[in-house]
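J.: here's my sequence, what's the structure:
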Amino acid sequence: MARIIDIELDERSILRRSDDIEREKRVAVFDLLEDNSFAANGHPGPYRLFLRIEEGRLAIELKDEDGAPLDTIRLGLARFRRPIRDYFAICDSYFKAIRGDRPEGIETVDMARRGLHNDGAELLRDALTDRVEMDFDTARRLFTLLCVLHIKA
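T.: Presented below is the predicted three-dimensional model:
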């Protein structure tokens, strides 16, 4: 079956850790493992993924169900710098709003956060279109994890 059954992030690649970001990571991983559609061209699933940043690129190590290596997909991250920076900026405002630091405009901030998240998911899907087929929700969750790995924007 073409789906992700395990995902791990290279802890050395994570540059910024706050409680809010850790929570986003946990939720994204949980939701991703609960429900995803992910098919790497030329490799039947299910897959184990290991995500890391190496030399300014996202590396997605694909392994089979038993952990045997299948492929490593590398993706340049220059196109993601602005969406990630904007996403973190709006998330900071969103987290402050939900904690009550700035309750005014929480709906507007949430709409902006969701819009940036959706744009990032589409950008990721487009960037991987020749290598991976995935549904929109899977792309959203993977974009969250890409943000958690957080390249310097």
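J.: quick one, what contacts residue 116?
T.: 83, 86-87, 90 (C-beta atoms under 8 Å, 6 or more residues apart in numbering). C-beta coordinates here come from the backbone N, C-alpha and C atoms, glycine included.
J.: which of these has the most neighbours?
T.: In terms of neighbours by other C-beta atoms under 10 Å, the contacts of residue 116 top out with residue 87 at 24 neighbours.
J.: so what's that residue up against?
T.: By C-beta under 8 Å, 6+ apart, the neighbours of residue 87 are 113, 116-117, 120, 147.
J.: distance between the helix or strand bottoming out on mean pLDDT in the chain and the chain's centre?
T.: The weakest-scoring helix or strand in the chain, judged by mean pLDDT, DSSP states H and E, is helix 81-98 (a mean of 79). Chain-centre distance of helix 81-98: 14 Å, with C-alpha atoms, centre = their mean, to the nearest Å.
J.: what about the strands in this structure?
T.: With DSSP state E as the criterion, the chain has strands at 4-9, 38-40, 47-54, 57-63, 69-76, 132-134.
J.: hmm, back to that, most neighbours, which of the contacts of residue 87?
T.: residue 147 (25 neighbours).
J.: correct me, but that residue touches residue 120?
T.: Yes - using C-beta atoms under 8 Å, residue 147 is in contact with residue 120, at 7.4 Å.
J.: okay, and the common contacts of those two?
T.: By C-beta under 8 Å, 6+ apart, the residues touching both residue 147 and residue 120 are 84, 87.
J.: show me what counts as buried in the least confident helix or strand of the chain.
T.: Buried residues in helix 81-98, counted by 16 or more other C-beta atoms under 10 Å: 83-84, 86-87, 90-91, 93-95, 97.
J.: which of those lies closest to residue 71?
T.: Residue 71 lies nearest to residue 84 out of those, by C-beta to C-beta, at 24.5 Å.
J.: grab the CA positions of the top helix by length along the chain and hand them over as CSV.
T.: Determined from DSSP state H, the single longest helix within the chain is helix 106-128. Output of helix 106-128 as CSV, limited to C-alpha atoms (Å, rounded to 0.1, in the frame of the first residue of the first chain):
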residue,chain,number,x,y,z
ILE,A,106,-7.5,35.7,16.0
GLU,A,107,-9.8,34.6,13.2
THR,A,108,-7.9,36.8,10.7
VAL,A,109,-4.5,35.5,11.9
ASP,A,110,-5.8,31.9,11.7
MET,A,111,-7.1,32.4,8.1
ALA,A,112,-3.7,33.9,7.1
ARG,A,113,-1.9,31.0,8.8
ARG,A,114,-4.0,28.4,7.0
GLY,A,115,-3.6,30.2,3.7
LEU,A,116,0.2,30.2,4.0
HIS,A,117,0.1,26.5,5.1
ASN,A,118,-2.0,25.6,2.0
ASP,A,119,0.4,27.6,-0.3
GLY,A,120,3.4,25.8,1.2
ALA,A,121,1.7,22.4,0.7
GLU,A,122,1.0,23.2,-2.9
LEU,A,123,4.5,24.3,-3.5
LEU,A,124,5.9,21.1,-1.9
ARG,A,125,3.5,19.0,-4.0
ASP,A,126,4.6,20.8,-7.2
ALA,A,127,8.3,20.5,-6.3
LEU,A,128,7.9,16.7,-5.8
